[in-house]
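Visitor: Sequence first, then the predicted structure:
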Amino acid sequence: MYLHAIVGRLTIFTAGLALLASCSSGEGNSSDNNSDSGKETRAYETEKGEVTIPSDPETIVTDYYAGELLSVGADVSGTGPDAFSNPFLKEQLSGAEDVGAPLNPEEVLELDPDLIVVMYDENYEQLSEIAPTVYIPYNPDTNVQETLDTFGELTNNQTEAENFKETIETTASEAKERIEGTIDEGDTFGIYELTNNDELYVFGANGGRGGQAIYNALDLSPPEKIQEEVMGGNAQEISMEVLKDYSADHMFMTTYDPESTGESKEKIQESDVWANLDAVQNDQFYFLDFDTYYPYDPISVNEQIDLIADKLSEQ
């Protein structure tokens, strides 16, 4: 099943009632009852209704939003395993704990967070008994600037959010200067992913894989067919036979290959479809590392801008 590579990793969680009972006993740690800590609180509106959260959260646990939280200067004490595969977050997460996917309530409880932020809500009720829990569904924003606004407001770190916006703007401006003159006016750019099951996807700006860096930060344009059919969403599956119809002058492809067999990549490179792509013939087809380009948090996007510019400026 490849759904997790398109909209994050959906998982099935089952847990015993004993933990829920223990979390519910005593003074209580529910999202509506954290006044015993003596911290100031505020109301925060979510898709699950209003949640009372700390005005200035200090210890945060999240499943998939580590990069977003770190980009606005928030502390991440625990997160899911995917975050530790992100090469741009490893140093900042050196003191964080892997608390599972989905979040393991027992391990979360040990970290004593004052705020939990989740992308998936399988165990939302149990987590809400531990600390105020904010549910933010997958990919609610259309660009990293909106993402910074969201997490700056959530953590009361609006200044840090604005500062990171400026960082990305500076990175993008300098990267644009580097690639000026190295690509032809009117060149088009496409983003693709090949899976270990030989599935092939075309991505828009908001599905990770460098989309924010290529289309939004660097203002590079997709071919007309991708613009019309894909850019309004995250991704679209296509067959290998029609890849040429979605091809671009410059093509960037990640390969989802968890067992590192290389079989799908080898298969496509041996195909006539591959050989007849203009991007291949012009040496403008770029294979990208999955872990490096899969994430779409602001920290990762900022780094991806430079990496994409480096590839293009080498031409």
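Guide: Here it is on my side, so go on. Numbering: from 1, shown residues only.
Visitor: quick one, strands of the stretch 201-315 of the chain?
Guide: With DSSP state E, counting those that start in this stretch, the ranges of strands along the stretch 201-315 of the chain come out as 235-238, 250-256, 285-288.
Visitor: now the stretch 1-150 of the chain
Guide: Using DSSP E, counting those that start in this stretch, strands in the stretch 1-150 of the chain cover 41-46, 49-54, 60-62, 76-79, 97-98, 115-118, 133-135.
Visitor: List the buried residues in the third one.
Guide: By neighbour count on 16 or more other CB atoms under 10 Å, the buried set for strand 60-62 is 60-62. Glycine gets a C-beta too; all of them are placed from N, C-alpha and C.
Visitor: pLDDT and distance to Thr142 for the residues you listed - can I get that in CSV?
Guide: Listed next are those as CSV, based on pLDDT from 0 to 100; distance: CB to CB, whole Å:
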residue, pLDDT, distance to Thr142
Ile60, 98, 24
Val61, 98, 26
Thr62, 98, 21
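Visitor: longest helix in this protein, by residue count?
Guide: Looking across the chain with DSSP state H, the single longest helix is helix 158-179.
Visitor: Just give the nearest non-adjacent residue to Asp121, would you?
Guide: Excluding its sequence neighbours, the residue lying closest to Asp121 (CB to CB, 6 or more residues apart in numbering) is Tyr135, at 5.1 Å.
Visitor: what's in contact with stretch 224-233?
Guide: 190, 202-205, 207, 215, 221-222, 236, 245-246, 248 (CB atoms under 8 Å, 6 or more residues apart in numbering).
Visitor: Of the strands of the stretch 201-315 of the chain, which stretch is the most buried?
Guide: strand 250-256 (a mean of 22; mean count of other CB atoms under 10 Å).
Visitor: List the pairing partners of that strand within its sheet, with orientation.
Guide: Partner strands and pairing direction for strand 250-256 (DSSP bridges) are strand 189-195 (parallel), strand 285-288 (parallel).
Visitor: so where do the helices sit in this protein?
Guide: Taking DSSP H as the criterion, the chain carries its helices at 4-7, 17-24, 66-71, 105-111, 124-130, 144-155, 158-179, 211, 224-229, 263-269, 272-275, 278-281, 290-293, 298-313.
Visitor: what about the second one, average pLDDT?
Guide: Think helix 17-24. Averaged across helix 17-24, the pLDDT comes to 37.
Visitor: Same question for stretch 128-138.
Guide: The model assigns stretch 128-138 a mean pLDDT of 96.
Visitor: Break the chain into its domains for me.
Guide: 12-138, 174-313 (automatic domain parsing).
Visitor: Reformat those domains as TSV; add distance to Glu146.
Guide: TSV is the format used below for those (distance: least, CB to CB, whole Å):
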stretch	distance to Glu146
domain 12-138	11
domain 174-313	10
